[in-house]
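Asks: My questions concern the predicted model and sequence given below.
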Amino acid sequence: MKYKCPACGYQPNKQEALMETTMIFKNFPTDIQKELKTIIAEVNKHIYFGKIPIEYKYRFLYGISHIDEESIRRAISTWNRFGYSKQGKTLTYFGAIIRNISETKSANKTAEQQMRGTNPPDINEITHKGETNEPNKKPPKVTFKRRQSKF
């Protein structure tokens, strides 16, 4: 199996896949690495009974290597919340969740803004006409007078 895809560079050779898996894995931040390790260990334990092929890990990590960290963190929280590894879901399913979140991020954001509206402006940044928020500016001097009667 010395095949290498000319378009994307994917190759199913086990030794090279193992080296590239570790290289791809080290590109992620440490919190994502820790969560991915636990997810891969759970999937390995519940589905493959401790014998997950290295090609599956390589395909999974290669498939999510170009996706932003925010989408991966959101997918990890979704995976952990519903306990998909205990339901028989594999790394392919997890990769599909990550890609789906990444692809629909802008559509979800506009839908949430239409449904819930946008945040109001920050009160501290609002200034009245002609006023600025300068801390050195002294407040205007106020004089108190008694009100004149109508009679």
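Replies: Structure's in. What do you need?

Asks: Tell me how many other residues crowd Tyr56.
Replies: 18 (other CB atoms under 10 Å). C-beta: built from backbone N, CA, C; applies to glycine.

Asks: from memory it sits against Leu91, does it?
Replies: Yes. Tyr56 is within contact range of Leu91, at 5.8 Å (criterion: CB atoms under 8 Å).

Asks: what's the longest helix in the chain?
Replies: helix 30-46 (DSSP state H).

Asks: Find me the pLDDT at the most centrally placed residue in the chain, would you?
Replies: With distances taken as CA atoms, centre = their mean, the chain has Glu70 as the residue nearest its mean C-alpha position (1.7 Å). In this model, Glu70 is scored at 95, pLDDT.

Asks: List the buried residues in the helix or strand harbouring it.
Replies: Assigned by DSSP states H and E, Glu70 belongs to helix 69-82. Neighbour-count burial for helix 69-82, counted by 16 or more other CB atoms under 10 Å, picks out 71-76, 79.

Asks: for stretch 83-100, same thing?
Replies: Neighbour-count burial for stretch 83-100 [16+ other CB under 10 Å]: 84-85, 89-91, 94-95, 97-99.

Asks: Mind picking the two most distant members of these?
Replies: Ser85 and Arg99 (18.1 Å; CB to CB).

Asks: can you pull out the helices in the protein?
Replies: Going by DSSP H, the chain shows helices at 14-26, 30-46, 54-64, 69-82, 91-103, 105-116.
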